[in-house]
Every structure is written in C-alpha cells, then in structure tokens.
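Undergrad: I'd like to go over a predicted model; first the sequence, then the structure.
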Amino acid sequence: RIFPHLQLVPNRIFVSGPPWDMVVTTQWTVSDTLPDGQPYHNHGVQILRIRMGVVVEDHLIEDNQILVATLNHLAQLGISEAAQKPIAA
C-alpha cells in the first residue's frame with residue numbers, strides 16, 4: 001500500500017560460488033509516483049547467501065535518508081502505514 005506501483009530495476013547481478021554456498025549480489029534502482037504526484041527514486045544493493053536453494057542471509061543496503069524522508073512525506077499525506085514502527089523479528 002505504501003508504494004503501490006513500485007518499479008524495481010536490477011542494474012547488475014553478480015553470482016559467485018557453487019550451488020551449495022552461493023552469493024548473489026544485485027545492484028538495483030526503484031521508482032514510483034507518490035499520491036501527490038511527487039516522484040520517488042532510490043537505489044541500493046542486496047546481498048543474498050544461498051545454500052542448496054535456501055536463502056540463509058539477506059542484506060539490504062539502500063539510501064535510508066531518501067526512504068525515511070519519503071515515508072515521513074507519505075505519513076503527512078495521511079498514509080498511516082508509512083508512520084508505523086519497523087517490523088521486528
């Protein structure tokens with residue numbers, strides 16, 4: 001609901017290691033148009049460690065300042081989900 005039309009574009013994908021202990025790194029960009037017409041753009045990297053087809057590590061690195069500013073803006077527009085606390089495991 002926060003980014004209903006989010007477009008994810010993988011710019012580069014790197015894979016290393018054998019199938020029983022593989023690392024996949026993806027460099028990506030995302031974009032969307034906010035309800036007030038303002039564009040949203042962000043970029044980042046995701047690093048996955050996969051063992052025998054199961055993701056055992058997932059690291060997501062993105063520009064948090066852009067994301068937080070956008071979430072605050074969305075909360076001001078009345079989108080309550082944008083103001084919620086992070087989900088903790």
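TA: Arrived safely, thanks for sending.
Undergrad: partner residues bridging T33?
TA: P39 (DSSP bridges).
Undergrad: so what touches stretch 3-18?
TA: 22-33, 40 (C-beta atoms under 8 Å, 6 or more residues apart in numbering). (C-beta placed from N, C-alpha, C; glycine too.)
Undergrad: and that stretch, what's buried?
TA: Using 16 or more other C-beta atoms under 10 Å as the test for burial, stretch 3-18 gives F3.
Undergrad: what's the farthest-apart pair in the contacts of stretch 3-18?
TA: For those, the farthest-apart pair by C-beta to C-beta is M22 and T33; their separation is 35.5 Å.
Undergrad: next up, phi/psi of the residue lying closest to I50 once chain neighbours are set aside, please.
TA: Nearest non-adjacent residue to I50, counting by C-beta to C-beta, 6 or more residues apart in numbering: M22, 4.6 Å away. Here is the backbone geometry of M22 (degrees, to the nearest 10): phi -100, psi 150.
Undergrad: swap in W28?
TA: Per degrees, to the nearest 10, the backbone of W28 is at phi -140, psi 160.
Undergrad: that one is in contact with I47, isn't it?
TA: No - using C-beta atoms under 8 Å, W28 is not in contact with I47; the gap is 11.7 Å.
Undergrad: the two: who's more crowded?
TA: Between W28 and I47, counting by other C-beta atoms under 10 Å, W28 is the more crowded of the two (17 against 14).
Undergrad: for the closest residue to the more buried one other than its chain neighbours, helix, strand, or coil?
TA: Leaving aside its chain neighbours, W28 sits nearest to P10 (5.1 Å; criterion: C-beta to C-beta, 6+ apart). The three-state assignment at P10 reads strand, by DSSP: H, G, I helix; E, B strand; the rest coil.
Undergrad: thank you kindly, that will do.
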